[in-house]
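Trainee: Predicted model, plus sequence, below.
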Amino acid sequence: MSDKSALDTLYSNKLTDISHFSFNDEVVNVFPDMITRSVPGYNTILGMISDLAGRYVQANSTCYDLGSSLGAASLAMRGGIEADNCQIISVDNSKAMIARCEKVVSASTNNAVKENESPLTPITLYCSDIEDVSIENSSMVVLNFTLQFIPLEKRLALLQKIYDGLLPNGVLLLSEKVVFDDKPHQQLMTDLYHNFKRANGYSDLEIAQKRTALEEVLKPETLEYHKERLKAVGFNSADTWFQCMTFASLIAIKS
Ligand code: GEK
């Protein structure tokens, strides 16, 4: 999917007015390139989603990809599921994302059918706010860089709903941009992250303008806070499996 993405040049020219970042058509067109060049470990995390799907997805259950964008995590889950009679529900509140995701998922489904890959877990897409979706009979939920866009005061209720909708031994994979209480460490991680973006071809202007666009939209929290909140909603196992600079991914299991 990422191979055919246009190059992300959205912030390459000096903008007089930098509007809040939104998941519109322009972003959709460059999204695979944008996310792979901006999120360290993105492909590693997709690989882990597949692996976890093989281990944790239970027969006759539902998997959720919340904030699914172009369906990369949904397809990774589908690739890893070994259990029978499951379904994947993928939710995003951006119409532009869902419209493009439908094409990505059907191309992948057609390919798999041609290659005789069976059985294929069905993927159903919904254009909706994830706060309005009920989570039921689930053995796996993925929040891959989505919680960071949910208003801070609504995050606890969303995680509680996910925990309540998981079956025993169900898994939540939560990936987020994170911050650090220690100021020098925060500064160092930010500097290193900007170097990572430079190494991936983004200019200082692009880095600065994108940062401004995201400032009011993406609200990161500390890893400690994430873990405490996951424990508070009921997960008795919730820990980091991946961290690179200001990006982290956690696995939480309902026992
Ligand atoms: C991936 N998981 O490729 N309800 C539904 N969707 C939302 C909401 C909301 N309230 N808020 C934001 N989104 C993907 C990457 S991107 C992460 C996820 C990023 C959606 C938004 O429209 C976007 O598609 C996605 O969450 C976040 O594995 O771009 O940093």
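Mentor: Cool, the structure landed. Residues are numbered from 1 along each chain as shown.
Trainee: And the helices in the protein, which stretches?
Mentor: For the chain, the helices defined by DSSP state H occupy 25-38, 42-56, 72-80, 95-114, 155-165, 183-199, 204-214, 223-233.
Trainee: With distance to the ligand as new columns, can those be given to me in JSON lines?
Mentor: Bear in mind the C-beta positions are built from the backbone N, C-alpha and C, glycine included. Formatted as JSON lines, those follow (distance: least, CB to the nearest ligand atom, whole Å):
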{"stretch": "helix 25-38", "distance to the ligand": "6"}
{"stretch": "helix 42-56", "distance to the ligand": "7"}
{"stretch": "helix 72-80", "distance to the ligand": "4"}
{"stretch": "helix 95-114", "distance to the ligand": "4"}
{"stretch": "helix 155-165", "distance to the ligand": "9"}
{"stretch": "helix 183-199", "distance to the ligand": "13"}
{"stretch": "helix 204-214", "distance to the ligand": "8"}
{"stretch": "helix 223-233", "distance to the ligand": "16"}
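Trainee: Mean pLDDT and mean neighbour count added to those, as a markdown table?
Mentor: Below are the helices of the chain laid out as a markdown table (pLDDT from 0 to 100; neighbours: other CB atoms under 10 Å):
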| stretch | mean pLDDT | mean neighbour count |
| --- | --- | --- |
| helix 25-38 | 96 | 18 |
| helix 42-56 | 98 | 18 |
| helix 72-80 | 98 | 25 |
| helix 95-114 | 95 | 16 |
| helix 155-165 | 98 | 18 |
| helix 183-199 | 98 | 13 |
| helix 204-214 | 94 | 16 |
| helix 223-233 | 98 | 16 |
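Trainee: Could you tell me which residues make contact with residue 251?
Mentor: Applying CB atoms under 8 Å, 6 or more residues apart in numbering to residue 251 gives the contacts 52, 171, 172, 173, 174, 237, 238, 239, 241.
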